[in-house]
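> Sequence and predicted structure are below.
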Amino acid sequence: MQKQDISVQIQNVSHSFGVEGHAKHVRALLDTTMDIHRGELLALIGPSGCGKSTLLNVIGGILSPTTGGASVNGKPVNGPMPHDIAYVFQENALFPWNTIIENIRLGMLFQGVPKADHEGRARAALKAVGLSEFADHYPGQLSGGMRQRAALARALSLDTPVVLMDEPFGALDEQTRMVLGEDLSELLSRTGKTIIFVTHSLGEAVFLADRIAVFTARPGRIKEVIPVDEPHPRKASFMTSDKFNGLRNRLFELLHDEIRKTVNLRSGSTGGF
Amino acid sequence: MRARAPITGFMARHPRLSQLATIALFLLVWEITARFFVDKMFLSPPSRVYSEIDRVLNTKGLMQALTLTLYELSAAFVIAVAIGMAIGLSVGLNAFARRCFMPIILLLYGIPQIVILPLFILGLGIGPPSKIAFGVTHGIFPIILAIVAGVQNLKPVLLTSARSMGANRWHVLRYVVLPHMMPSFFSGLRLGMTGVLLGVLLAELYVSTAGIGYFTGLFTQNFDPTRLLGLISILAAMAIALNEFMRTVERRFSRWRGND
């Protein structure tokens, strides 16, 4: 693998919350190392509390890790890198007091895009996610799925090589997720961006990702990386194929023990049943 | 459920009409009570208050008093908003300042300020300055509390999201914090206005040689409820007009809320 082909590098990242020795001290992430290639879609999956989101926030520069570090396009991450990384958050992170197009323009204003380019790029991004007609709606007027599309449009308009997504469809119902997943696969295969996304859904991970990093229970480490060898854009028919189901079952086996561990850990800590 | 009586159903569909009916009923009860049951030295019927409103306006020195009170009100309001906003923002946006100063602010707010009114008079005299100061101390607390509360419940993800897109401190304040706190800022302004009105009028009632408070005292002592109620109606009309104006401005800034 050529050095230039590496988009995001994660080196020995560990992170703990709270003070060591203190009762609330939590080791969220343990010595994680990984290279993410340019144009790759990487899914992070694992039991809740395993540090997937922590890792995403470390890459995004929102959280500085206890030890180790990440670099994006060869630059070490020391804080938000608005020109390299765009974020799509799990919750609705649109500004409710701005219309959809104002939200997108505001992102570009923050990033420092010249004013003259705002309108054109915002319209193009809205068109890409199929929301052109809703430019002047407020987020409160849109459905959850449309809001996440709008958030995606905002991220796309920033024109960054890397996009991080923290359970972007987590709050949506399964049918909406499925359709959005198809659209996303189609859209992202065109843009050639490096995408890292956190998900809880096995199907979503298999359907969207080029590689899936499976995490262990807390403190999280990468247990295994599963490649999904299927070209983008992926069609709905992929979802019913044997290959899809095989990979999904493999993921399920890997995750099942880990999830069991976290559940036992929790019921143990509250004194059992 | 049983079918409702037709009149109730009709009223339920027209809240505006029910509102007017309530007011009309109140005026009617007042009219009847004042005409037939209460000594006219203590209460005047609304019809008489209305027909003799010019007697209030022609009272010698009353227009000057009205102007003076309006001046005191606006001065107190402007000062309360300016200081209240500065304190509210600096306390609300900083976790340390909030934990340090909020209990003190709440403590001060809890004191019935009327007990220290004599100190204001002692320090600032019986002229407008003591009234303005007393108006400020009444109006400032609701404004501070509204701003602190308004800044508080901002969703952290909005701040994180803004920073991830490269927003600097000014951007965050201008495009995230300020629009977020607009609705509570305006309810703070309206509560603050009520507080200022209370403070200024209390101080005028307590001791003064001019202003509305002086005249309400004078009319009461002269057993002239017609003029007293007339004056109160004028004050109420002014307060309602101000309140409506604020609500219009508020709506302009919270268009997005109606669609939630």
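Ah, there it is.

> Show me the helices in the stretch 101-250 of chain A, by range?
Counting by DSSP state H, counting those that start in this stretch, one finds helices in the stretch 101-250 of chain A at the ranges A:115-128, A:144-157, A:174-191, A:202-208, A:242-269.

> Mind checking those helices for the one nearest to residue A:78?
Counting by C-beta to C-beta, residue A:78 lies closest to helix A:144-157 out of those; the figure is 21.2 Å. Where you see a C-beta, it was placed from the backbone N, CA and C, and this is true even at glycine.

> For the closest one, which helices and strands make contact with it?
Judged by 3 or more C-beta pairs under 8 Å, 6 or more residues apart in numbering or on different chains; DSSP states H and E, helix A:144-157 is in contact with strand A:85-88, helix A:100-111, helix A:115-128, helix A:174-191.

> Identify the residue nearest residue A:93 in space, chain neighbours excluded?
Computed as C-beta to C-beta, 6 or more residues apart in numbering or on different chains, the closest residue to residue A:93 that is not its neighbour in sequence is residue B:161, at 4.0 Å.

> returning to what we had before: make a markdown table out of the helices and strands packed on helix A:144-157 and add distance to residue A:40 and mean pLDDT.
Output for the helices and strands packed on helix A:144-157, formatted as a markdown table (distance: least, C-beta to C-beta, whole Å; pLDDT from 0 to 100):
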| stretch | distance to residue A:40 | mean pLDDT |
| --- | --- | --- |
| strand A:85-88 | 15 | 92 |
| helix A:100-111 | 23 | 94 |
| helix A:115-128 | 20 | 91 |
| helix A:174-191 | 10 | 81 |
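
> Can you add mean neighbour count and give the ones you listed back as CSV?
Below are these laid out as CSV (neighbours: other C-beta atoms under 10 Å in any protein chain shown):
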stretch, mean neighbour count
strand A:85-88, 26
helix A:100-111, 24
helix A:115-128, 16
helix A:174-191, 17
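
> can the ones you listed go into JSON lines with extra columns for distance to residue A:206?
Shown next, in JSON lines, are the helices and strands packed on helix A:144-157 (distance: least, C-beta to C-beta, whole Å):
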{"stretch": "strand A:85-88", "distance to residue A:206": "20"}
{"stretch": "helix A:100-111", "distance to residue A:206": "31"}
{"stretch": "helix A:115-128", "distance to residue A:206": "24"}
{"stretch": "helix A:174-191", "distance to residue A:206": "10"}
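
> so which of those comes closest to residue B:256?
Checked against C-beta to C-beta, the stretch from the helices and strands packed on helix A:144-157 lying closest is helix A:100-111, at 10.0 Å.

> Any part of that closest one near chain B?
Yes - contact of helix A:100-111 with chain B (C-beta under 8 Å from any C-beta of the partner chain) involves A:106-107, A:109-111.

> which two in these are spaced the farthest apart?
Most distant of the residues of helix A:100-111 next to chain B, by C-beta to C-beta, are A:106 and A:111, 9.6 Å apart.

> out of the helices and strands packed on helix A:144-157, nearest to residue B:111?
When the helices and strands packed on helix A:144-157 are compared by C-beta to C-beta, helix A:100-111 sits nearest residue B:111, at 43.1 Å.

> Can you spell out which helices and strands pack onto the closest one?
helix A:115-128, helix A:144-157.

> Can you check what angle separates the last one from helix A:174-191?
Same thing as helix A:144-157. Helix A:144-157 and helix A:174-191 are oriented at 20 degrees to each other (axes from the mean of the first three to the mean of the last three C-alpha atoms, to 10 degrees).

> what's the offset of helix A:144-157 from the middle of its chain?
13 Å (C-alpha atoms, centre = their mean, to the nearest Å).

> and what of stretch A:107-117?
With C-alpha atoms, centre = their mean, you get 24 Å for stretch A:107-117.

> now do stretch B:135-145
With C-alpha atoms, centre = their mean, you get 10 Å for stretch B:135-145.

> Just say helix, strand or coil for residue A:11.
Following DSSP: H, G, I helix; E, B strand; the rest coil, residue A:11 is assigned to strand.

> pretty sure it is touching residue A:70, no?
Yes - with contact defined as C-beta atoms under 8 Å, residue A:11 counts as touching residue A:70 (7.1 Å).

> of the two, who's got more company?
Neighbour count, other C-beta atoms under 10 Å in any protein chain shown: between residue A:11 and residue A:70, residue A:70 has more, with 23 against 16.

> contact partners of stretch B:22-30?
The contact list for stretch B:22-30, computed with C-beta atoms under 8 Å, 6 or more residues apart in numbering or on different chains, reads B:45-46.

> so which helix or strand takes in the residue in chain A positioned nearest to chain B?
Relative to chain B, the nearest point of chain A is residue A:82 (3.1 Å; C-beta to the nearest C-beta). Assigned by DSSP states H and E, residue A:82 belongs to no helix or strand.

> In this structure it contacts residue A:111, no?
Yes - assessed by C-beta under 8 Å, residue A:82 is found in contact with residue A:111 at 4.6 Å.

> check contacts around the residue minimising distance to the centre of chain B.
The residue lying closest to the centre of chain B (C-alpha atoms, centre = their mean) is residue B:194, at 1.7 Å. Neighbour list for residue B:194: B:139, B:142, B:239 [criterion: C-beta under 8 Å, 6+ apart].

> Isn't the last one up against residue B:196?
No - no contact is recorded between residue B:239 and residue B:196 when judged using C-beta under 8 Å, the distance being 10.6 Å.
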